[in-house]
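Engineer: Output the structure for:
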Amino acid sequence: MTSNASDQHTAPAERGLDTAGMDTTVDPKADLYRYANGAWIAQHDIPSDRGIDGAFYALRDRSEEQIRDIITAAGEADPESKVGALYNSFMDEEAIEKAGNRPLDPDLELLQTAQDKDGLVIVMAALDASGVGSPVGVYVNNDAKKATQYVPYLAQSGLGLPDEEYYREEKYAEIREAYREHIASMLKITGVAERFGTSPEDAAQTIFDLETRLAEHHWDKVACRDAHKTYNPYSPDTLSTDFPGFPWERWIEALGGSRETFERVVVAQPSYLRGFADMWASEPMERWVLWLAWHIAHSRAAFLHSAAVRENFEFYSKRLMGTEEMRDRWKRGVGLVESLLGEEVGKEYVARHFPPEHKARMQELVGNLIEAYRESISSLEWMTPETRERALEKLGKFTPKIGYPDEWRDYSSLIIGENVVENVKAGNRFEHDYELGKLGQPINVHEWHMTPQTVNAYFNPVMNEIVFPAAILQPPFFSMEAEDAANYGGIGSVIGHEIGHGFDDQGAKYDGDGNLNDWWTEADLREFEKRTSSLVSQYSEYTPEGLDPAEDRVNGELTLGENIGDLGGLTIAIKAYRKALDKAGTSLEEAPKVDGVSATQRLILAYAQIWRSKARTQTAKMLLSIDPHSPSEFRCNGTVRNVDEYHEAFGVQPGDDMWLAPEERVRIW
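Structural biologist: Numbers count the residues shown, from 1 in each chain. Predicted coordinates:
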């Protein structure tokens, strides 16, 4: 496939490519993404129950059906099964409809017991533990500057819209109005407004105004990515002195913490906490009560009667994302079980769907990718020996986790009954207690933050680990039957992407032990930032097809880490594939063509096909605002334009749409 590649035959599907999904009338030198995926894009309809669809979602559909089989089998085989009981409590529509709004009564009655703000703080903490949104988010993780111990983190929260900019940008004015109407409708449907003696419309305005004030103190998504800016250690005493107006110690105690376990607290956005504390002191208690009542209704809406479920769908799925129809009830039931008993299901999923040879093959691929990264870092011309040595040290300490955890979660203390709302509350409290229970304990090196049946992967900087759940090890990402070119272009680039996060603009701030540590020389850091700023500039020029360039450009700063991961992932996947061929006694240049398609072309086409997707306009717009990943077309085209092997393999020349001059190509790892 050279300059007239669009006229060539394509590689057969059994080798790992979906040839039927390609559009060979498109010139791959003008638009590789649509050359690789154009027929699929033209012919594929987004399912009516989602706002976006693509390769990842096809695997998630498959995983969802497999999980349903596991759940239903568990319920039939063992009446005491928590998995089956939780699922059945959600599927019992008759009981849910009969219950009406009564499942909200315990939370609302608890809220009405608060006589003053000190009492309201205790109620707010109890509601937080059971899954009701709070103005301040709490989670537990490794201390980013002492990764061998756990600390609590406090972060901005409290909004019902996707991001703070939805409360201020003119382009979201209609969504803001729809949100106010949604709040009012939900308060009416659930009887909350009547219970608190106010009209739904007045209550909705009060709640919206309070959230708008909270949003004014929120940091934007780009600022929240900064690992140094979001690391601010405090103690209970300094929380009280620096953020006066809110009873921090009372709140910590009500959450289940103590001065000892919260001796060191990391605050992500200090100015937000200051603004929130001021608001807590100045806003009348009645407004906070209404806000909490709304969030009770909002957090339980998906598990209530059909009118509440429908209203929740109409705004959050239909209005915000353009989704046409609600997901089948069984799918929503599977999602609930996944969220509360994920590893319980995961044990059976692995037994059924993850044969040992898949793990062995994946271990081989990961090893080859790490080896390729090691050689690439060793030969970097722009990096000094001092920084290079530290980068190699970090790479050498990477911990790959493949398939499933070595130790499974113990759910024996979680009680599941017949009432789905009470089950949701119990599951959230179980998770809350599990997280706070880590404080003061040794780091659990076996813990996973995704279940085996999750179609995804991640890098954890404070553990310096890369994690690949079993479910992603399926076509089009990976197949035991596919040729190496397809596997390296698919799962190989995903492996490379996750390793690359260890060296992206934020991951590179952590050393091999997971600590925030400036291990770069000043000169190397300047050169690194120069190269990454070029990537920011490139992506900031992109607008997804069908959207308005004046409003809907990619945020190059928000997506920088993922774009670095994509670029490093593909670059290193090619190097790793070359090494695999070398070990087999051949070379990338000598690898045979298949129907005129070279091995490099097949690898890059496989890479292009894993990113295929289609999104509804509303979903595409929302993702541009909140998602740190670039739209799929630029995860393909934006990446390959910077890769020499793409230009060489497809014969891209000056004047071609995808051409990028060698001196403008970003080369990092």
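Engineer: How about the lengthiest strand in the chain, which residues are buried there?
Structural biologist: Looking across the chain with DSSP state E, the single longest strand is strand 146-156. Within strand 146-156, the residues that count as buried by 16 or more other C-beta atoms under 10 Å are Lys146, Ala147, Tyr150, Val151, Pro152, Tyr153, Leu154, Ala155, Gln156. The C-beta positions use only the backbone N, C-alpha and C, and glycine is treated the same way.
Engineer: all strands for the chain, in order.
Structural biologist: Assigned by DSSP E, the strands in the chain fall at 52-54, 136-143, 146-156, 232-234, 265-267, 399-403, 458-460, 465-469, 613-615.
Engineer: right, and Thr543 touches Ala620 too?
Structural biologist: No. Contact criterion C-beta atoms under 8 Å: Thr543 and Ala620 do not qualify, at 10.2 Å.
Engineer: Please identify which of those two sits among more neighbours.
Structural biologist: Neighbour totals were compared for Thr543 and Ala620, and Ala620 leads with 22 against 16 (other C-beta atoms under 10 Å).
Engineer: Now do the contacts for that one.
Structural biologist: Counting by C-beta atoms under 8 Å, 6 or more residues apart in numbering, Ala620 touches Ile52, Pro544, Gly546, Leu547, Asp552, Pro631.
Engineer: Go again with 7 Å.
Structural biologist: By C-beta atoms under 7 Å, 6 or more residues apart in numbering, the contact set of Ala620 is Pro544, Leu547, Pro631.
Engineer: try Ala204
Structural biologist: Arg180, Ile183, Ala184, Leu187.
Engineer: sorry, back to before: which one of the buried residues of strand 146-156 is nearest Val462?
Structural biologist: Lowest distance from Val462 to these (C-beta to C-beta) belongs to Ala147, with 4.8 Å.
Engineer: Which residue, other than its chain neighbours, is closest to the closest one?
Structural biologist: Gly514 (3.5 Å; C-beta to C-beta, 6 or more residues apart in numbering).
Engineer: Now do that neighbour against His497, distance only.
Structural biologist: 19 Å (C-beta to C-beta, to the nearest Å).
Engineer: swap in Gly335?
Structural biologist: Distance of Gly335 to His497, computed by C-beta to C-beta: 26 Å.
Engineer: Repeat that for Leu320.
Structural biologist: 28 Å.
Engineer: When those two are compared, which one has more neighbours?
Structural biologist: Higher neighbour count among Leu320 and His497: His497, with 26 against 21, using other C-beta under 10 Å.
Engineer: what residues are up against that one?
Structural biologist: Counted by C-beta under 7 Å, 6+ apart, His497 has contacts Gly565, Asp566, Gly568, Gly569.
Engineer: who touches the last one in this structure?
Structural biologist: To tie it back to what came earlier, the one meant is Gly569. Counted by C-beta under 7 Å, 6+ apart, Gly569 has contacts Ser493, Val494, Gly496, His497, Gly500.
Engineer: so how far is Trp611 from the nearest residue to Ser613 once chain neighbours are set aside?
Structural biologist: Nearest residue to Ser613, sequence neighbours excluded (C-beta to C-beta, 6+ apart): Gly54, at 2.9 Å. Using C-beta to C-beta, one obtains 7 Å as the distance from Gly54 to Trp611.
Engineer: Show me whatever sits in contact with both of these two.
Structural biologist: What both Gly54 and Trp611 touch, as defined by C-beta under 7 Å, 6+ apart, is the set Ser632.
Engineer: So which of these two has more stuff around it?
Structural biologist: Set side by side, Gly54 and Trp611 show more neighbours around Trp611, with 24 against 21, by other C-beta under 10 Å.
Engineer: Quick check on that one: phi, psi?
Structural biologist: When quoted as degrees, to the nearest 10, the phi and psi of Trp611 stand at phi -100, psi 0.
Engineer: burial count for Glu483?
Structural biologist: 21.
Engineer: Would you agree it is in contact with Gly489?
Structural biologist: No. Glu483 lies out of contact with Gly489 (C-beta atoms under 7 Å); the separation is 9.9 Å.
Engineer: ranking the strands of the chain by burial, who's on top?
Structural biologist: strand 465-469 (a mean of 24; mean count of other C-beta atoms under 10 Å).
Engineer: That one packs against which elements?
Structural biologist: Judged by 3 or more C-beta pairs under 7 Å, 6 or more residues apart in numbering; DSSP states H and E, strand 465-469 is in contact with strand 399-403, strand 458-460.
Engineer: coming back round to it: can you tell me how far the residue nearest to Ala147 is from Ala178?
Structural biologist: 43 Å.
Engineer: What of Tyr607?
Structural biologist: Relative to Ala178, and taking C-beta to C-beta, Tyr607 is found at 39 Å.
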